[in-house]
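Enquirer: here is a sequence with its predicted model. Questions after.
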Amino acid sequence: MTAHPIIPAPVRTIEVELIDQMEFEDEFEIPPDVAVTPLAVPVPTEEPDAAPPAPADGMTAATELFANRVLSDPQNRQVRETLPQLENTERIIQLCVIEGLEQLRVARPGPLPDSISSAAFAPTLLRGLTLDAPEAAFRAAKRWYGLRFSCTVARDLSGVQGYRFAIGDAIPEQEWEAHDLIPEDEDE
């Protein structure tokens, strides 16, 4: 099985010194002719029931997250106990796959998805706590379909905090072998 590498994003750092209001007032003198006003909170122009605009990237943002619920199920005790033993990158991938399978089950009628290959057609990109899979795939009823997702996990790697995804078309069977997309697991 060919593994596609996860390419970490370049790290950009900045130095920040946090100071409290008293230090700020001691350090910086604001001229008397400069008006300081608090930030204004924008007033919503849409009605509260209006649907949010579709994101430019075509992905759907999950409105409910499921990984924590799945992991808390007593039947998943072994998975829950194994996750903390994984290296952080692998743990992030596994949390995102768990979330992805549940999101697909809710969003897509028909056969239930049972596998996600996050790096099926392109490497995933890990930026901090966010895993981007621009060319992933998922399997349902022994068929593979395109998938894009972006998944952000909690700082303590205990669960998922955000998930966006877009379901693609069926992947032609002649492409499966080249991308290690198997129609069924060995134990099926």
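Expert: That came in fine, so what should we check first?

Enquirer: CA atoms for contacts and neighbours, from now on please.
Expert: Noted.

Enquirer: pLDDT below threshold where in the chain?
Expert: 1-56, 186-188 (pLDDT under 70).

Enquirer: how about the secondary structure of R105?
Expert: Secondary structure, DSSP: H, G, I helix; E, B strand; the rest coil: R105 is helix.

Enquirer: for it, give its distance to F138.
Expert: Distance of R105 to F138, computed by CA to CA, to the nearest Å: 11 Å.

Enquirer: mutual contacts of the two, please.
Expert: Counting by CA atoms under 8 Å, 6 or more residues apart in numbering, the residues touching both R105 and F138 are P113.

Enquirer: more neighbours: which of those two?
Expert: Under the criterion of other CA atoms under 10 Å, the comparison of R105 against F138 puts F138 first, with 27 against 16.

Enquirer: over to the more buried one. Which of the three states is it?
Expert: With three-state DSSP as the basis, F138 sits in strand.

Enquirer: the spatially closest residue to it that is not a sequence neighbour: neighbour count?
Expert: Nearest residue to F138 in three dimensions, chain neighbours excluded: I116, at 4.3 Å (CA to CA, 6 or more residues apart in numbering). By the measure other CA under 10 Å, the count of residues near I116 is 23.
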